[in-house]
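In: sequence unknown, structure follows:
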């Protein structure tokens, strides 16, 4: 796969329907570049949390949390990694880490 990519930058777009691989976990991106791949081992969500993320509160311990990226929002989570899912190959589960920015 690395030889196929070469020096190109491969990106996928967020997709509300997404697709499922591995154990059926929904991945909320398009799958246009490599639709034939069998297993995903990590997924990162930028700008906005994934639909299955926990509720994001506007404050944590009295500190304001940046709002998710969107129209009319001057300062937001745009370009930040908000969730990172990593496949645990020993028991076929996913470690899910969420970041909130204050």
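Out: Perfect, thanks for sending it. Nothing here was measured: the structure is a model prediction, and the numbers come from that model.
In: Around the closest residue to residue 18 other than its chain neighbours, how many other residues sit close by?
Out: What sits nearest to residue 18 in space, not counting adjacent residues and going by CB to CB, 6 or more residues apart in numbering, is residue 28, at 4.1 Å. Where you see a C-beta, it was placed from the backbone N, CA and C, and this is true even at glycine. By the criterion of other CB atoms under 10 Å, residue 28 has 20 neighbours.
In: isn't residue 28 right up against residue 14?
Out: Yes - counting by CB atoms under 8 Å, residue 28 touches residue 14, with 6.1 Å between them.
In: which regions of the chain sit below the pLDDT cut-off?
Out: 1, 22-23, 101-102 (pLDDT under 70).
In: which residue lies farthest from the center of it?
Out: residue 62 (26.6 Å; CA atoms, centre = their mean).
In: how much space between that residue and residue 78?
Out: Distance, residue 62 to residue 78, using CB to CB, to the nearest Å: 24 Å.
In: Once you drop chain neighbours, what's closest to residue 83?
Out: Counting by CB to CB, 6+ apart, the residue nearest residue 83 is residue 45, at 4.2 Å.
In: what's the one helix or strand that neighbour maps to in contact with?
Out: Element membership for residue 45 (DSSP states H and E) is strand 42-46. Applying CB atoms under 8 Å, 6 or more residues apart in numbering, the external contacts of strand 42-46 come out as 27-29, 53, 79-87.
In: Swap in 10 Å and give it another go.
Out: By CB atoms under 10 Å, 6 or more residues apart in numbering, the list of residues contacting strand 42-46 from outside reads 14, 18, 21, 25-29, 50-51, 53, 69, 77-87, 94-99.
In: Put the buried members of those into a ChimeraX selection.
Out: Here is the ChimeraX command that picks out the buried ones among the contacts of strand 42-46, judged by 16 or more other CB atoms under 10 Å:
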select :18,21,25,27,28,29,50,77,80,82,83,85,87
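In: which residues in this structure form helices?
Out: Assigned helices in the chain, in chain order: 2-5 (criterion: DSSP state H).
In: Show me the residue sitting in the middle of it in space.
Out: When CA atoms, centre = their mean is applied to the chain, the residue found nearest the centroid is residue 45 (2.0 Å).
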